[in-house]
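**Q** Sharing a model prediction with you, sequence too.
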Amino acid sequence: MKAKRFALVTAICFCLITAECATVQGSPSINPASPEIIQIQPGPRRANFNGEMQSGDARSVADWVVDSGDNATLPFIIVDKINAKAFVFGADGNLRAATPVLVGLMKGDRSIPGVGAKKLSEIRPRERITPAGRFVTLPGRNLKGKDILWVDYENALSVHRVEKSRQKWLKAPTPLDKRVTLGCIVVPVKFFDDIIGPIFTGIQGIIYVLPEERPKNEIFTSYYDVESAVNMRPVSAGNDNFQIH
């Protein structure tokens, strides 16, 4: 009798142990739902205007430059002809300074062919245009030996200091009053000496002159709206993503 009881207890214990092992090694009796993984795409890079007032076009182009790296790690300038204002950025996309500017007398986004070969006295009013576009700058000197920043050498377009006779125009009340040049981008003397000169002397830079008649993506062929691009970017599983459980 004792032997039978011992055998029965042993059999029961064996069954319980076998069942427990099956639960551990096989499908669990409780199968909690797998935690959902949300992958977050790194945000876009944006230009830092440091609180300086800017137009929507100036903001969107500056953001594109910084996000895309179009400035190729060089300092750059955004020239807003419509508002007669220029913004100088370091290679890191942080604003260094901004200033009112004088620009070409006539509205337009393309230089008149051959205008750069004419004498100043021969340039007719309708040809006095500051063209839009992306230009690689180069330090240089004008015919008087003064240092300037070449924007488009072929068309004799540069950034240079204002002459005394035109200083009053920089203080004019409206952007339209600042459209007085043959096409060059004219800045205050102190601004050129303290900002343009130190940042761009001895190195190349990029200057983006905003269009006023044509679409931005026609002038800057690789331009995209950073804000729209954020909403269209697919979620990826790159190593830079955060995982939220």
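**A** It's in.

**Q** neighbours of residue 216, just the number please.
**A** Counted with other CB atoms under 10 Å, the neighbours of residue 216 add up to 17. Bear in mind the C-beta positions are built from the backbone N, C-alpha and C, glycine included.

**Q** swap in residue 206?
**A** Neighbours around residue 206, by other CB under 10 Å: 19.

**Q** That one is in what secondary structure piece?
**A** Residue 206 is part of strand 205-209, with elements assigned from DSSP states H and E.

**Q** Over to residue 138?
**A** Assigned by DSSP H and E, residue 138 belongs to strand 133-141.

**Q** partner strands of that strand, parallel or antiparallel?
**A** strand 147-152 (antiparallel), strand 205-209 (antiparallel) (DSSP bridges).

**Q** okay, these in a markdown table with distance to residue 134 next?
**A** Converted to a markdown table, those look like this (distance: least, CB to CB, whole Å):
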| stretch | distance to residue 134 |
| --- | --- |
| strand 147-152 | 10 |
| strand 205-209 | 6 |
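
**Q** Quick one: closest of those to residue 68.
**A** Between residue 68 and these, the shortest separation by CB to CB is 12.0 Å, and it involves strand 205-209.

**Q** from the chain's centre, how far out does the next helix or strand along the chain from the closest one sit?
**A** Moving toward the C-terminus from strand 205-209, the next helix or strand (DSSP H and E) is helix 216-219. Its chain's C-alpha centre and that of helix 216-219 lie 15 Å apart, by CA atoms, centre = their mean, to the nearest Å.

**Q** burial of residue 56, as a residue count?
**A** Count around residue 56 with other CB under 10 Å applied: 7.

**Q** do residue 50 as well
**A** What residue 50 shows, counting by other CB under 10 Å, is a neighbour count of 12.

**Q** Shouldn't it be within a strand?
**A** No. Judged by DSSP: H, G, I helix; E, B strand; the rest coil, residue 50 forms no part of a strand; its state is coil.

**Q** Report the contact partners of it.
**A** 94, 95 (CB atoms under 8 Å, 6 or more residues apart in numbering).

**Q** do the same with residue 127
**A** 106, 112, 115, 118, 183.

**Q** Look up phi and psi at it.
**A** Here the main-chain torsion angles of residue 127 (degrees, to the nearest 10) amount to phi -100, psi 0.

**Q** How confident is the prediction for it, by pLDDT?
**A** pLDDT, residue 127: 90.

**Q** What distance do you get for residue 192 to residue 138?
**A** 15 Å (CB to CB, to the nearest Å).

**Q** Looking at the two, which is more packed in?
**A** residue 192 (21 against 15).

**Q** Could you check what's spatially nearest to the more buried one, not counting adjacent residues?
**A** residue 161 (4.6 Å; CB to CB, 6 or more residues apart in numbering).

**Q** which among the contacts of residue 127 gets closest to residue 125?
**A** residue 106 (6.6 Å).

**Q** ok, how many other residues are close to that closest one?
**A** Neighbourhood size, residue 106 [other CB under 10 Å]: 15.

**Q** That one contacts residue 131, correct?
**A** No. Residue 106 is beyond contact range of residue 131, at 10.9 Å (criterion: CB atoms under 8 Å).

**Q** follow-up on the earlier one: out of the contacts of residue 127, which end up buried?
**A** Buried subset of these (neighbour count, 16 or more other CB atoms under 10 Å): 112, 115, 183.

**Q** would you list the residues you listed in TSV and tack on pLDDT and secondary structure?
**A** What follows is these, written out as TSV (pLDDT from 0 to 100; DSSP: H, G, I helix; E, B strand; the rest coil):
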residue	pLDDT	secondary structure
112	86	coil
115	83	helix
183	95	coil
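
**Q** and residue 228, that's in a strand?
**A** No. Counting by three-state DSSP, residue 228 is not part of a strand but helix.

**Q** separation between it and residue 201?
**A** Separation of residue 228 from residue 201 (CB to CB) stands at 37 Å.
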